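Novice: Starting from these lines, generate the structure:
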Amino acid sequence: MERIILIETATALCSAALAENGSIVSYRESSEPRAHASKTAVFVKEILEERNLSAKDCSAVCVSMGPGSYTGLRVGVSTAKGLCFGAGIPLLAVGTLDILVMQAITEEILPEGCRYIIPMIDARRMEVYTAVFSADGRQVEETAPLVVTEDSFGRYLEEGPVLFIGDGAEKCRGTITSPNASFCQCCPKASAMLLPAIREYKEKRFKDTAYFEPFYLKEFVATSSRKKLF
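Specialist: Purely as a prediction, here's the structure:
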């Protein structure tokens, strides 16, 4: 039986799911702030116990690889690696933007006549991590950081309805004012990883568990406090 543990921790929502033979059979999520480190492994333990399984009974672990929160991605990847090393099973990874696109398709939230899906991960201020996908899920523009302006995605909006989805979508509503723009403010979920994870598993696109790193897109930069300590 094909079983895949799914872990998504790239944004404020922490979630885990278990897929069996092409269906989600167990799921946990929490939007509690800064709880990824305390919740992720617990969620995996719970979904396995719910099915009377251990990690060794699974075929692989699939983790959301970013872009997204530096800390969240580290927690998710570290948890996934630990499971893979401990159980001797392969590691899979899928892009966070791909997960949002699949969420839009599987949850049937596309506007009528939708031409493009543009997932957006919040990167503070008016900057997002984004890419452009066709309505059937094919990526047509590379992932990149972008400062959103009123001219952003103009040529795609001219073609017809476009769905902007992700935790960076809503803040763009006041800037992207085209009547063809629809917005869905949400976080990626582990349950939406189902089809991409199955595809990666069947095509044997396994990651090197020892050396795999998340896709941060922009390097994490530590800054000094401006407050005077003395």
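Novice: Output the below-cut-off pLDDT ranges for the protein.
Specialist: Flagging of the chain using pLDDT under 70 yields the residue ranges 218-230.
Novice: now the strands: where do they sit in it?
Specialist: Secondary structure of the chain, counting by DSSP state E: strands at 3-8, 14-20, 23-30, 60-64, 91-94, 116-122, 127-134, 139-147, 162-166, 181-185.
Novice: Give me whichever of those is most buried.
Specialist: For the strands of the chain, the largest average neighbour count (mean count of other Cβ atoms under 10 Å) is found in strand 60-64, namely a mean of 29. Backbone N, C-alpha and C define where each C-beta goes, glycine included.
Novice: quick one: contacts of that strand?
Specialist: The contact list for strand 60-64 (Cβ atoms under 8 Å, 6 or more residues apart in numbering) reads 4-10, 55, 73, 76-77, 79-80, 83-84, 89-96, 99, 188, 190, 193, 196-197, 200-201, 206.
Novice: returning to what we had before: can the strands of the chain go into a markdown table with extra columns for distance to R51?
Specialist: Putting the strands of the chain into a markdown table (distance: least, Cβ to Cβ, whole Å) gives the following:
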| stretch | distance to R51 |
| --- | --- |
| strand 3-8 | 8 |
| strand 14-20 | 6 |
| strand 23-30 | 6 |
| strand 60-64 | 15 |
| strand 91-94 | 19 |
| strand 116-122 | 31 |
| strand 127-134 | 33 |
| strand 139-147 | 33 |
| strand 162-166 | 30 |
| strand 181-185 | 31 |
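Novice: Distance check, the residue nearest to T96 when sequence neighbours are not counted against D122.
Specialist: Among residues not flanking T96 along the chain, A10 sits closest, at 4.3 Å (Cβ to Cβ, 6 or more residues apart in numbering). Going from A10 to D122 by Cβ to Cβ, to the nearest Å gives 11 Å.
Novice: Against P188, how distant is L73?
Specialist: Taking Cβ to Cβ as the measure, L73 falls 12 Å from P188.
Novice: Give me the more crowded residue out of those two.
Specialist: Between L73 and P188, counted using other Cβ atoms under 10 Å, P188 has the larger neighbour count: 30 against 25.
Novice: Not counting sequence-adjacent ones, nearest residue to the more buried one?
Specialist: Spatial nearest neighbour of P188, chain neighbours left out: I99 (4.2 Å); criterion: Cβ to Cβ, 6+ apart.
Novice: Next, count neighbours for A35.
Specialist: Using other Cβ under 10 Å, A35 is surrounded by 14 other residues.
Novice: Could you pull up the residues touching the closest residue to it other than its chain neighbours?
Specialist: Take A35 and drop its neighbours on the chain: the residue closest to it by Cβ to Cβ, 6+ apart is C14, 6.2 Å away. Going by Cβ under 8 Å, 6+ apart, C14 touches 8, 29-32, 35-36, 39-40, 43, 72.
Novice: Let's have these in a markdown table, adding distance to Y129.
Specialist: Below are these laid out as a markdown table (distance: Cβ to Cβ, whole Å):
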| residue | distance to Y129 |
| --- | --- |
| E8 | 15 |
| E29 | 21 |
| S30 | 22 |
| S31 | 20 |
| E32 | 23 |
| A35 | 22 |
| H36 | 18 |
| K39 | 23 |
| T40 | 21 |
| F43 | 24 |
| G72 | 13 |
